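>>> 3D model of this:
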Amino acid sequence: MTCAADQIKSILVVDDHPLFRDALATTLQTALPLRTIRTASTLTGALERLSKDFEPDAIVLDLNLPDVQGVSGLLRLKATAPHTPVIVVSAFGEDKVIAAVMAAGAAGFVRKDASRQMLIDAFKRIWAGDIYTPEGYTPPQREDGGGDFVDEAAKRLSSLTAQQLRILELLCEGKLNKQIAYELSIAETTVKAHVTAILRKLGVHTRTQAVLIANEARIPLGSGSGRP
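Residues are numbered from 1 along each chain as shown. As a prediction, the model looks like this:
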């Protein structure tokens, strides 16, 4: 979905830092003719918002949330709202992080230390249909010199549905099919079918290989879960 800035009427801001979340919401509301700004402090909260007939024109996402880190949250939001642009705003602006985020389907990446005007300009460009990355961003090169770095793990994972991503997360926790079925209130045969589809989409043959790909997409975002 591509919208001009003056067509953006509703936004979902997902960030667990209350001061930044409120400041960002205020900045966007003063810059754009928004009717609705809703917020969430966790990925779970954001998914609940989307499940209650709320279809924002755009989602603003912090990568580092209490219940998810790295591109996992972005992937689940994209799977739940595939036509809604997701803009990542993060303090972790290393080139490898930006590369993984863009490979996972983000509409743009804005560093949290950007000025107010830079933030507004970036969002307007994104909503005009441009892909935005910060000035100075250079796609990392492979260690073997084999061309531009592409986060293959993120690209593969972006093909999974929201339910498949949730099942993969539970596989990463070491849960068996029957445990996953109980937790998600679905039949064990349904879990097996989803696992088969996950393996096929990821191009692997075993659950262990699928878990390894999921782990590759967990970008290191500093030490611990402390906020910047």
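
>>> which residues are in contact with the worst-scoring helix or strand of the chain on mean pLDDT?
In the chain, the helix or strand scored least confidently by mean pLDDT, DSSP states H and E is helix 152-157, which has a mean of 79. With contact meaning C-beta atoms under 8 Å, 6 or more residues apart in numbering, helix 152-157 is reached by 71, 75, 100-101, 103-104, 165, 168, 201-203, 213-214, 216-217. In this view, the C-beta of every residue, glycine as well, is placed from N, C-alpha and C.

>>> and with 6 Å instead?
Taking contacts as C-beta atoms under 6 Å, 6 or more residues apart in numbering, the residues outside helix 152-157 that touch it are 71, 75, 100, 103-104, 202, 213, 216-217.

>>> For the most centrally placed residue in the chain, which non-adjacent residue is spatially closest?
In the chain, the C-alpha nearest the mean C-alpha coordinate belongs to Leu74, at 1.0 Å (C-alpha atoms, centre = their mean). With sequence-adjacent residues excluded and distances taken as C-beta to C-beta, 6 or more residues apart in numbering, Leu74 is closest to Ala104, at 5.1 Å.

>>> Looking at pLDDT only, which of the contacts of helix 152-157 scores worst?
On pLDDT alone, Ala217 ranks lowest of the contacts of helix 152-157, at 68.

>>> Neighbours of Lys28, how many?
Wrong residue type there; residue 28 is Leu, not Lys. When neighbours are defined as other C-beta atoms under 10 Å, Leu28 has 19 of them.

>>> Report the contact partners of Ser10.
Residues in contact with Ser10, defined by C-beta under 6 Å, 6+ apart, are 36, 56-57.

>>> Dump the residues you listed to TSV, plus pLDDT.
Compiled in TSV, the contacts of Ser10 are given as follows (pLDDT from 0 to 100):
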residue	pLDDT
Thr36	86
Pro56	90
Asp57	87
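
>>> Identify, from these, the entry nearest to Cys172.
Of all these, the one sitting nearest Cys172 is Pro56; the distance, using C-beta to C-beta, is 28.5 Å.

>>> Tell me the spacing between that closest one and Arg156.
As judged by C-beta to C-beta, to the nearest Å, Pro56 and Arg156 stand 27 Å apart.

>>> Asp130 too?
From Asp130 across to Arg156, the span is 26 Å (C-beta to C-beta).

>>> Which one's more surrounded, these two?
Taking other C-beta under 10 Å, Asp130 and Arg156 do not tie; Arg156 has more neighbours (20 against 12).

>>> Roughly how far does the more buried one sit from Gly203?
Arg156 sits 7 Å away from Gly203 when distances are taken as C-beta to C-beta.

>>> I am finished for the moment; much appreciated.
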